[in-house]
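*Asks:* build me a structure from this.
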Amino acid sequence: MNITRIALASFAALVAYFAVGGIFFVFPAFKTEFEKYPAVFRSGDASKAVMLPGMLGILLAIGAAAVIFAQIYPAGAGIGAGVKFGALLAVFVLGSFVLHNYMLLNIGRRLSTLQAIGFTAEWIAVGVVISLVYRG
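*Replies:* Below you'll find the predicted structure:
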């Protein structure tokens, strides 16, 4: 396992995560759905005040994913493995975050569906970037 490459893959995947998220979560459909639940979700300005802990949390999760990837593919792997790995991460996030929050939070099915779409795209991108950057 190459720690430097894990760190590089984690940082690159963090950039990809926010790039893909930026594309999805600025769509009017997403923004409108989040705005329906002001008691649940922070406003854009309020979110900016706590952005750093959120970014560190995502980096922590991506770092853990990069370590798992490196343990599965010590010599690295191609884009196909990255797509599969990212899809598996997305399934984990769907179960542990999206559906779990649909149960716990007073949010609608449409918002949960949109989150599922956005997070799936983000985590597949994370898997692909980790596979492209990490080379044992």
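
*Asks:* report the buried residues of the helix or strand Phe18 falls within.
*Replies:* If you go by DSSP states H and E, Phe18 is part of helix 3-25. For helix 3-25, the neighbour count (16 or more other Cβ atoms under 10 Å) marks 5-6, 8-14, 16-17, 20-21, 24-25 as buried. (C-beta placed from N, C-alpha, C; glycine too.)

*Asks:* distance of Ser112 relative to Ala29?
*Replies:* 13 Å (Cβ to Cβ, to the nearest Å).

*Asks:* same question, Gln115
*Replies:* 11 Å.

*Asks:* who's more crowded, the two?
*Replies:* Remark: of Gln115 and Ala29, Gln115 carries more neighbours, 23 against 13, as counted by other Cβ atoms under 10 Å.

*Asks:* element containing that one?
*Replies:* With elements taken from DSSP H and E, the one containing Gln115 is helix 109-133.

*Asks:* average pLDDT across that helix?
*Replies:* The pLDDT scores in helix 109-133 average 96.

*Asks:* same question for stretch 9-19.
*Replies:* Averaged over stretch 9-19, pLDDT sits at 97.

*Asks:* give the buried residues for stretch 68-88.
*Replies:* 69-70, 73, 76-77, 81-82, 85-86.
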